[in-house]
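Participant: Structure for the following, please:
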Amino acid sequence: MNRTVFRELQPLRRNPAVWLIVPFALLFWVLAFMQLVLGLPVGTRPVSNVVTLLLWLGVGVALPALLLLTSLKTEVDAQGVRLAFGLLPRRRVPRAQILRASVRTSDPFAEYGGWGFRLAPGNKRVYLVDGTAGVQLELVGGQQVFIGSRRLQELLSALT
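Facilitator: Numbers count the residues shown, from 1 in each chain. Just a heads-up that it's a prediction; the model follows:
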């Protein structure tokens, strides 16, 4: 049996930037209500009710739900690291592939283009929900994996 020595669940909703979508989602709720329920066309060139409904479902319902329910799950056991981020396929990094692990801070926008899962130049993968701190893994073959964490020393200890 493989005993997990470290487990962290970081909800994306902790990131203040995610909450910027809420006013836009509410706006789509209001506009959809006006056009679909009250029958008041929105704007000087209103879209059809079908398009309004689709926009409401996408921007007003699905996008906020996806962002608010997504999380980064990091687990470390004797075999290595397992990473799961939202609907993306899970990633396993075997211990044998990890050459070095170190704590560092980053500038998410300058280095990776923001938070979330990122494929960055230089054979880098990033799993970062919020903040700037994480554990950098250097793997056999030159790939780097940056894992954001609020429990840096525990994660580093579990990896070394």
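Participant: drop to CA atoms for contacts and neighbour counts, all remaining ones
Facilitator: Fine.
Participant: Check which helices and strands the longest helix along the chain is in contact with.
Facilitator: Across the chain, the longest stretch assigned as helix under DSSP state H is helix 21-32. The elements that helix 21-32 packs onto, with contact taken as 3 or more CA pairs under 8 Å, 6 or more residues apart in numbering; DSSP states H and E, are helix 49-55, helix 63-69.
Participant: Mind putting these into JSON lines with mean neighbour count and distance to A133?
Facilitator: JSON lines is the format used below for these (neighbours: other CA atoms under 10 Å; distance: least, CA to CA, whole Å):
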{"stretch": "helix 49-55", "mean neighbour count": "15", "distance to A133": "36"}
{"stretch": "helix 63-69", "mean neighbour count": "16", "distance to A133": "21"}
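Participant: on that earlier part again, which parts of the longest helix of the chain count as buried, going by neighbours?
Facilitator: For helix 21-32, a neighbour-count test (16 or more other CA atoms under 10 Å) marks 21, 25-26, 28-29, 31-32 as buried.
Participant: closest to R13 out of the helices and strands packed on helix 21-32?
Facilitator: Of all the helices and strands packed on helix 21-32, helix 63-69 sits nearest to R13, with 4.9 Å by CA to CA.
Participant: Run through who's touching the closest one.
Facilitator: Contacts to helix 63-69, defined as CA atoms under 8 Å, 6 or more residues apart in numbering, come from residues 11-13, 18, 21-22, 25, 86.
Participant: and that helix, what's its mean pLDDT?
Facilitator: Averaging pLDDT along helix 63-69 gives 86.
Participant: With just CA atoms, put that helix into CSV.
Facilitator: The C-alpha trace of helix 63-69 is given here as CSV (Å, rounded to 0.1, in the frame of the first residue of the first chain):
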residue,chain,number,x,y,z
LEU,A,63,-17.6,29.9,-16.4
PRO,A,64,-18.2,31.0,-12.8
ALA,A,65,-19.0,27.4,-11.7
LEU,A,66,-15.8,26.1,-13.4
LEU,A,67,-13.6,28.8,-11.8
LEU,A,68,-15.2,28.6,-8.4
LEU,A,69,-15.2,24.7,-8.2
